[in-house]
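Trainee: Starting from these lines, generate the structure:
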Amino acid sequence: KIDTIILGADVTHTQKDSKVGVKSLAAVVGSVDENFGLFGGSMRSQERDQEIVDGMADMFRERLRAFHKKQNRVPTKILYYRDGVDNGQYYAVRKDEISKIRVGYQKFCREIDLSEHPDPQITCVVVTKRHRTRFYPKTPPSSNPNCIQGTCVDSGVTHPNYFDFFLQSHNPGPGTTKPTYYIAIENGMGFTATELQDFTNMLCYTYVRTTSPVGYAPPAYYADRLCDRARCYFANFLRDLDEDKSKKKSMTEAQIKEETTRLWERRFAEENQGNTHGPWHEKLNDTMFWM
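Mentor: Model (predicted):
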């Protein structure tokens, strides 16, 4: 049986002109099968514009419960793909999120009365899509000037001391290719460069919506999709905030924030109907409904 769980995480933020008090949404997905094709998801709201995932420990425990339910064991290895952080936040991800993963792991082991368990081996890979690096073949074919899918670059334009690489796992249209930048900020599982590059590339063939490879690691992709789906649940709520403009004219910014936060939390509770995993019915917890 598989002893590895793959996680993906992302955070979606409100627009700069959004109402005061509107929250950011954080999502964590986790694999439950031996083929890394089926993922479950959890979501929490957190302070506006905060990138570091606050509820990582609790959401990871939910992902462990789903894994344990399916596999009847606790994973000892955790491969974590983190989307959406820049290089100034790597330390915060290691300090806060990876630490919370360890806390969630220990709490879950106590929850199931597992007295003897090793510390999990955690490898954390940050996935970056927003960059300006491009690669082109020296002698491109006339039909498609892109590099072939599976092209990996880990020298020359990468950091001499870090565990990082560029991977073009997909086959885009002519002239539109953009590789994804990966950097391993923790490698407790002991991947070599070739092993992590090959595994990440193969993982890109498992995306559930297509039989073709996608442009970046599906766990990060799934977390991004779950964030988008969750944000849609609050679209009507955000529009409703504009209805009583006369009342808001007489309120201070602090009062508006307090009122919006109160309404937001009430709406979140209404949507999830008591389900702690997120603003959806508990019958959807074991499905990839957001896809």
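Trainee: So the residue nearest to residue 117 when sequence neighbours are not counted versus residue 26, what's the distance?
Mentor: Spatial nearest neighbour of residue 117, chain neighbours left out: residue 109 (4.9 Å); criterion: CB to CB, 6 or more residues apart in numbering. Placement of C-beta: from N, CA and C, glycine included. Noted for residue 109: a distance of 24 Å to residue 26, by CB to CB, to the nearest Å.
Trainee: These two: which is more packed in?
Mentor: Neighbour count, other CB atoms under 10 Å: between residue 109 and residue 26, residue 26 has more, with 27 against 16.
Trainee: helix/strand/coil for the more buried one?
Mentor: With DSSP: H, G, I helix; E, B strand; the rest coil as the basis, residue 26 sits in strand.
Trainee: Model confidence score at it, please.
Mentor: Here, the pLDDT recorded for residue 26 equals 93.
Trainee: doesn't residue 48 make contact with it?
Mentor: No: shown here, residue 26 and residue 48 do not form a contact pair, counting by CB atoms under 8 Å, at 11.9 Å.
Trainee: So residue 43 sits against residue 223, correct?
Mentor: No: look at residue 43 against residue 223 with CB under 8 Å: they stay out of range, at 9.3 Å.
Trainee: Overlap of the contact sets of these two?
Mentor: Common contacts of residue 43 and residue 223 (CB atoms under 8 Å, 6 or more residues apart in numbering): 27, 28.
Trainee: Comparing the two, which residue is more hemmed in?
Mentor: residue 223 (32 against 27).
Trainee: And the more buried one, how close does it get to residue 177?
Mentor: 23 Å.
Trainee: Which parts of the stretch 151-291 of the chain are helices?
Mentor: Under the criterion DSSP state H, counting those that start in this stretch, the stretch 151-291 of the chain contains helices at 193-203, 218-233, 235-240, 245-249, 253-272.
Trainee: Worst mean pLDDT among those helices?
Mentor: helix 245-249 - the lowest mean pLDDT of these, at a mean of 55.
Trainee: Skip the chain neighbours and tell me the closest residue to residue 163.
Mentor: Nearest one to residue 163, counting by CB to CB, 6+ apart, is residue 184 at 4.1 Å.
Trainee: my read: that neighbour touches residue 197, true?
Mentor: No: Residue 184 lies out of contact with residue 197 (CB under 8 Å); the separation is 10.4 Å.
Trainee: Let's test this: name the helix or strand in this structure with the lowest mean pLDDT.
Mentor: Lowest on mean pLDDT, DSSP states H and E among the helices and strands of the chain sits helix 245-249, with a mean of 55.
Trainee: And residue 229, how far from residue 25?
Mentor: 10 Å.
Trainee: Among these two, which residue is more densely surrounded?
Mentor: Using other CB under 10 Å as the criterion, residue 229 and residue 25 rank with residue 25 on top: 25 against 19.
Trainee: and that one, what does it touch?
Mentor: Taking CB under 8 Å, 6+ apart, one finds 11, 12, 43, 44, 45, 46, 227, 230, 231 in contact with residue 25.
Trainee: can we see that at 10 Å?
Mentor: 10-14, 43-46, 226-231, 233-234, 268, 278-279 (CB atoms under 10 Å, 6 or more residues apart in numbering).
Trainee: Drop anything exposed from those.
Mentor: The neighbour-count criterion (16 or more other CB atoms under 10 Å) marks 10-14, 43-46, 226-227, 229-231, 233-234, 268, 278-279 among those as buried.
Trainee: before we move on, back to that, name the residues contacting each of residue 184 and residue 197.
Mentor: 165, 191.
Trainee: how far away is residue 42 from residue 285?
Mentor: Residue 42 is 9 Å from residue 285, by CB to CB.
Trainee: Please enumerate the shared neighbours of those two.
Mentor: 62, 66, 276, 277, 278.
Trainee: Residue 221 is in contact with residue 10, isn't it?
Mentor: Yes: using CB atoms under 10 Å, residue 221 makes contact with residue 10 at a distance of 8.9 Å.
Trainee: any common contacting residues for those two?
Mentor: 29, 81, 83, 127.
Trainee: Let's have those in JSON lines, adding pLDDT.
Mentor: Shown next, in JSON lines, are those (pLDDT from 0 to 100):
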{"residue": "29", "pLDDT": "97"}
{"residue": "81", "pLDDT": "98"}
{"residue": "83", "pLDDT": "93"}
{"residue": "127", "pLDDT": "96"}
